[in-house]
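1. Below: sequence and its predicted model.
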Amino acid sequence: MNASLATGRVAIIGGGIIGLAIGWRLAQASVAVDVFERGEAGRGASFAAAGMLAAGVESEPGEAALCALTRRGQALWPDFAAELEAAADVSVGLREEGTIEIALTRDDAARLRHAFDFQRRQGVTLEWLNAAEARAREPHLGAQLAGAVFSPHDHQVDNRRVVIALRKAFLAAGGRLHEGTEVALAVENDRAIGVRRADGTLFAADRVVLAAGAWSGETAGLPAAARPAVRPIKGQMLALRMDPAAPLLRHVLWTPRVYLVPRGDGRLIIGATTEERGFDPALTAGGLLSLLEGAWRAMPAIEDLAIIETWVGFRPGSRDDAPLLGPSAVAGLVLATGHHRNGILLAPLTADLIARNLLEGTIDPAMAPFLPSRFAAAAA
Ligand code: GLY
């Protein structure tokens, strides 16, 4: 990619995985790019996530278009991870054991079969396992097991390491990062002209990208027509400590209620609640109980593990649970937000699609179903 069109200076609002990945791609193409982050880069949903690259098992019946996007995004990850690791000299912990999804009861198995049939129709490679086959792959699964699915391409990455690497790669490529800098969109004559800092000074830019995750809809200065209907969807999570030399789990594991993600360093991440509570940062007894109980039903051996961390994150949810990608109702303002459950998975693809849109003016066919204008059309 090169800056063949007069892209000019780009300002990106939001220094999470999406903003940094877009910024990195633009900086690699010699575009002058500045990322503005209200807090610390990569400490929002990018930090809270579990890092599952689950285009297969996380695709829900009815989400065919989104599944096509997430599968395309998933295919980019191995090369993206290798390129990022080389650029930043930071390992991003890509693990390729795949995912197992289990059913505990006959009802769960019927639901799992329904999702399995849908996912297979989308082209996802999946293998149905009986209880013995599942237990052969994961010996610590509990006694109650009514069936399982193995998804060989649904891997995981250490999202916290990814954002550390992206920050480094972005800066090394010439990008500029402004942390602790809340900005408003600056608009003149119906066109984005840059961003305005809290002290009122204008940072002029030819294009602005809004990639502020769950905070995107709250960004100051956005005209109503361009304000994305993105809301925070709270997730509580926790981590247990396994013995890294004898981990209880090797695959990512989905149970009917929770998922468990084993990291190479022995952390076992358990997530996540899905709550419509705005930006409520509280960890609740009920939230943690449901995570622990859901995980314990699937793998009773977790009961001896130490709890080493608990946290809350906010997914950027849109009205149809799919991202908003591309030009907005305000000239010069491009949206890259609303990734909901798929921000880590879709970061490399979003970065490519948005960078190509900015550099070449192209709307990739993969992006067309996810243009922000789909909601304006629905409202008309
Ligand atoms: N993708 C996992 C979650 O949203 O909890």
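-> Received it, and whenever you're ready, just let me know what you need.
2. Quick check: buried residues in stretch 46-62?
-> Of all the residues in stretch 46-62, those buried under the rule 16 or more other CB atoms under 10 Å are 46-59. For the C-beta atoms, the positions are set from N, CA and C on the backbone; glycine is no exception.
3. how about JSON lines for those residues, with secondary structure added?
-> Formatted as JSON lines, the buried residues of stretch 46-62 follow (DSSP: H, G, I helix; E, B strand; the rest coil):
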{"residue": "Ser46", "secondary structure": "helix"}
{"residue": "Phe47", "secondary structure": "helix"}
{"residue": "Ala48", "secondary structure": "helix"}
{"residue": "Ala49", "secondary structure": "coil"}
{"residue": "Ala50", "secondary structure": "coil"}
{"residue": "Gly51", "secondary structure": "coil"}
{"residue": "Met52", "secondary structure": "strand"}
{"residue": "Leu53", "secondary structure": "strand"}
{"residue": "Ala54", "secondary structure": "coil"}
{"residue": "Ala55", "secondary structure": "coil"}
{"residue": "Gly56", "secondary structure": "coil"}
{"residue": "Val57", "secondary structure": "coil"}
{"residue": "Glu58", "secondary structure": "coil"}
{"residue": "Ser59", "secondary structure": "coil"}
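4. so which of these are also by the ligand?
-> 50, 52, 58 (CB under 6 Å from any ligand atom).
5. For the second one, which non-adjacent residue is spatially closest?
-> Residue nearest to Met52 in three dimensions, not counting chain neighbours: Gln156, with 5.3 Å by CB to CB, 6 or more residues apart in numbering.
6. got it, and the last one?
-> Counting by CB to CB, 6+ apart, Glu58 lies nearest to Arg341, which is 6.2 Å off, once chain neighbours are set aside.
7. Make TSV from the buried residues of stretch 46-62 and add distance to Trp77 to it.
-> Listed next are the buried residues of stretch 46-62 as TSV, based on distance: CB to CB, whole Å:
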residue	distance to Trp77
Ser46	15
Phe47	19
Ala48	19
Ala49	14
Ala50	15
Gly51	11
Met52	11
Leu53	5
Ala54	11
Ala55	10
Gly56	13
Val57	15
Glu58	14
Ser59	16
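8. could you dump these to TSV with pLDDT?
-> Below are the buried residues of stretch 46-62 laid out as TSV (pLDDT from 0 to 100):
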residue	pLDDT
Ser46	97
Phe47	98
Ala48	98
Ala49	98
Ala50	98
Gly51	98
Met52	98
Leu53	98
Ala54	96
Ala55	96
Gly56	96
Val57	95
Glu58	94
Ser59	94
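9. With respect to Glu96, which of those is nearest?
-> Leu53 (9.5 Å; CB to CB).
10. If we look just around the ligand, which residues of this protein are in range?
-> 50, 52, 58, 235, 271-272, 315, 341.
11. Flag every buried residue along the lengthiest helix in the chain.
-> The longest helix of the chain (DSSP state H) is helix 64-88. Buried residues in helix 64-88, defined by neighbour count with 16+ other CB under 10 Å: 66-74, 76-77, 80-81, 84-85, 87-88.
12. And stretch 234-254, by the same measure?
-> So stretch 234-254, judged by 16+ other CB under 10 Å, has buried residues 234-240, 242, 247-249, 251-254.
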